[in-house]
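Q: what would the 3D arrangement of this be:
(chains A and B)
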Amino acid sequence: MIYFDNVSKSYPDGTVALNGVTLSVKQGEFVSIVGHSGAGKTTLMKLLLGEDHPTTGSVSFDSVNLKKMKKKDMPELRRRIGVIFQDFRLLPNKTAYENVAFAMEVAGKTDEEIASDVPHVLELVDLTKKMWNFPRQLSGGELQRVAIARAIVNHPDLIIADEPTGNLDPINTYEIVQILKKINDMGTTVILTTHNKGVVEALGKRVITMDHGRIIRDDSTGKYAL
Amino acid sequence: MIWTTTKRVIKSGFINFWRNGSVSLSAVFVMIVALFMIASTLLLTAFLGTALKDLQDKIDINIYVDAKASEESILSLKKQIESLPDVKEVTYISRTQALEDFRTRHENDHRIIQALDEIGDNPLPAALTVKAKEPSQYESIANFLSNKSELSEGSNLSIVSKVNYNDNKVAIERLSKIISGVKRLGSIITAIMIGISVLITFNTIRLAIFIARDEINVMRLVGGSNEYIRMPFVVEGVLYGLVAAFLTLILFYPITYWLKNATQVFYGGVDLLHYFVANFVQIFLIIVFSGIALGAVSSYLAVRKYLK
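A: Down below sits the predicted model:
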């Protein structure tokens, strides 16, 4: 499904973020990517979202080279990928409901679909009671659950979670990971970056370890080894 | 689908306008200033136009006719002058008329009236008052009148005793220079005012959208197409313009009312309030349309930067 072919990325100031990364992720996998800050995890995610392009090598999503994709087709791709960030990135002037509904609106869903799916997804992340609250009225864990609801509402093929638990306490971290696991059990591919040892070990899924822009380990039922 | 999208875009524009209350408020205020500048430039131009026109109407040259000339020859001279291309109108003031006008003009001045009564006879000559289409044309008319040979066959000009153009020459020339200067200055001021208001509006809206740049980025990551992200901002910009336009028009009523008194002291002929009310539809359309266009175009351009 996802294929990184000998990907390198360097920035104009000379920093090398990725150095010859080759990696493939199959449909339905749950992959954790671990590594220190600056190991290249976030760059990997950016390349996958088409926000940036590799200096050499290629990134493919469903056999389509992202670099060759037309600019106007990018929104289409992004609707097939649900993204979750450490800093939540919700729209501050929209309620929880509207934030989730926005993702459906841009995907061109009808008002009826929105009215039936949004409450359902928010129920899935246990936020029915706070549906009409604005982001500033929600706690960190709740914000991240809204972000997850937004990411899954369009039934994406892939969920990218970039340090989703970075700003959360252990209890919320556990909950978020459980939700991600549930999503994966329903068949969606999940890529998670983290440096939380507990999260990775509790999952017991494939772990890729990165350091200085290279993959140094790739264990199918790996442990956090840094 | 287009209908649903349009509906969503408009709705979200309204919601953003309302929820970003403080940003909207400041954008509206700045736009009021901008539209106010445009509107006052319009009114100023109108004011200057009327004032100058009144002033122009006051310029004329008088041709005094020999006391012995017959009414018939005066009227034929009048016809002859009227046939000149630069002449707008010629008025004939007979001797009796001239005397009557003189008496009314000086009715409070007993000494002059007394002197007049003492003379007994009517000392005033008959006159033709000539108005040109443009102030600059007086000179050629005056030249024509002083060139007696040209009219010698009709011999009507022989009855002309005096043309007062040369007395007024300096004043007329100066006035026509002032008039064309003021007109040019007026259009320069209009251009500068409109330029400034466009710039301040654009910058304010750019700041408002700068505040929302992270949101724009999030919308892109969620998969919003450029147009779908941009259009609510444009709707918001249109709303700024509309609200500002209405407030500007409401503000203008008391201001022109107040100015009415001030300008009438300065110059009797122009009533700004009257002008404002009489041309309300036109002013309304100009202000509302400028508001909408300013808001929409500024938003459109400002968002573009974050959609690349």
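
Q: is it true that residue B:287 lies in a helix?
A: Yes - Residue B:287 sits within a helix when classified using DSSP: H, G, I helix; E, B strand; the rest coil.

Q: so which bits of chain A are right by chain B?
A: A:49, A:51, A:72, A:75-79, A:83, A:89-93, A:102-103, A:105-108, A:110-111, A:150, A:154 (CB under 8 Å from any CB of the partner chain). (Glycine included, C-beta is placed from N, CA and C.)

Q: just the ones of those residues in helices?
A: A:49, A:75-79, A:102-103, A:105-106, A:111, A:150 (DSSP state H).

Q: circling back to that earlier point, and the residues of chain A next to chain B, which are buried?
A: A:49, A:75, A:77-79, A:83, A:89-91, A:93, A:102-103, A:105-107, A:150, A:154 (16 or more other CB atoms under 10 Å in any protein chain shown).

Q: which residue is nearest the middle of chain A?
A: residue A:160 (1.6 Å; CA atoms, centre = their mean).

Q: report the beta-bridge partner residues of that residue.
A: Beta-bridge partners recorded for residue A:160 (DSSP bridges): residue A:83, residue A:191.

Q: I'd say it and residue A:48 touch.
A: Yes - assessed by CB atoms under 8 Å, residue A:160 is found in contact with residue A:48 at 6.4 Å.

Q: please enumerate the shared neighbours of these two.
A: A:81, A:191 (CB atoms under 8 Å, 6 or more residues apart in numbering or on different chains).

Q: who does the helix ranked longest in chain A touch, helix- and strand-wise?
A: The longest helix of chain A (DSSP H) is helix A:170-185. When contacts are defined as 3 or more CB pairs under 8 Å, 6 or more residues apart in numbering or on different chains; DSSP states H and E, helix A:170-185 packs onto strand A:30-34, helix A:140-152, strand A:158-162, strand A:189-194, helix A:197-203.

Q: the fourth one: how far from the chain's middle?
A: Counting by CA atoms, centre = their mean, to the nearest Å, strand A:189-194 is centred 6 Å from the centre of its parent chain.

Q: neighbouring contacts of that strand?
A: Identification of contacts with strand A:189-194 by CB under 8 Å, 6+ apart yields A:1-2, A:25-34, A:41-42, A:44-45, A:48, A:157-166, A:180, A:183-184, A:199-200.

Q: now do the same for stretch A:147-167: mean pLDDT, whole number.
A: Mean pLDDT, computed over stretch A:147-167, is 90.

Q: residues of stretch B:215-233 that come out buried?
A: For stretch B:215-233, by 16+ other CB under 10 Å, it's B:215-216, B:218-226, B:228-233.

Q: give me the subset of the residues you listed touching chain A.
A: B:215, B:218-226, B:228.

Q: poorly predicted segments of the chain, please.
A: Looking at chain A here, since you left the chain open. Chain A contains residues with pLDDT under 70 at A:222, A:224-226.

Q: chain B was what I was after
A: Across chain B (using pLDDT under 70), the flagged ranges come out as B:146-159, B:166-167, B:263-271.

Q: so what secondary structure elements neighbour the longest helix seen in it?
A: Taking DSSP H as the criterion, chain B has its longest helix at helix B:165-211. When contacts are defined as 3+ CB pairs under 8 Å, 6+ apart, helix B:165-211 packs onto helix B:21-58, helix B:138-146, helix B:226-266, helix B:280-304.

Q: please identify the buried residues of the second one?
A: Right, the one you point to is helix B:138-146. Applying 16+ other CB under 10 Å to helix B:138-146 flags B:138-139, B:141-142, B:144-145 as buried.

Q: ok and that helix relative to helix B:165-211, angle-wise?
A: For helix B:138-146 against helix B:165-211, the angle by axes from the mean of the first three to the mean of the last three CA atoms, to 10 degrees is 170 degrees.

Q: next one: the last one
A: Compare the direction of helix B:280-304 with that of helix B:165-211 by the same axes, to 10 degrees and you get 40 degrees.

Q: hmm, who's touching helix B:280-304?
A: Contacts for helix B:280-304 (CB under 8 Å, 6+ apart): B:31, B:34-35, B:38-39, B:42, B:197-198, B:201-202, B:204-206, B:208-210, B:216, B:229-230, B:233-234, B:236-242, B:244-246, B:248-249, B:252, B:276.

Q: of those, buried ones?
A: The buried subset of these (16+ other CB under 10 Å) comprises B:31, B:34-35, B:38-39, B:42, B:197-198, B:201-202, B:204-205, B:208-209, B:216, B:229-230, B:233-234, B:236-242, B:244-246, B:248-249, B:252, B:276.

Q: now do the contacts for the residue of the stretch 51-200 of chain B found nearest chain A.
A: The nearest approach of the stretch 51-200 of chain B to chain A comes at residue B:200, 25.0 Å away (CB to the nearest CB). Residue B:200 makes contact with B:30, B:33-34, according to CB under 8 Å, 6+ apart.

Q: quick check, nearest of those residues to residue A:133?
A: residue B:30 (32.2 Å; CB to CB).

Q: quick check: the nearest residue to that closest one once chain neighbours are set aside vs residue B:198, distance?
A: Leaving aside its sequence neighbours, residue B:30 sits nearest to residue B:204 (CB to CB, 6 or more residues apart in numbering or on different chains; 4.3 Å). Distance of residue B:204 to residue B:198, given as CB to CB, to the nearest Å: 11 Å.
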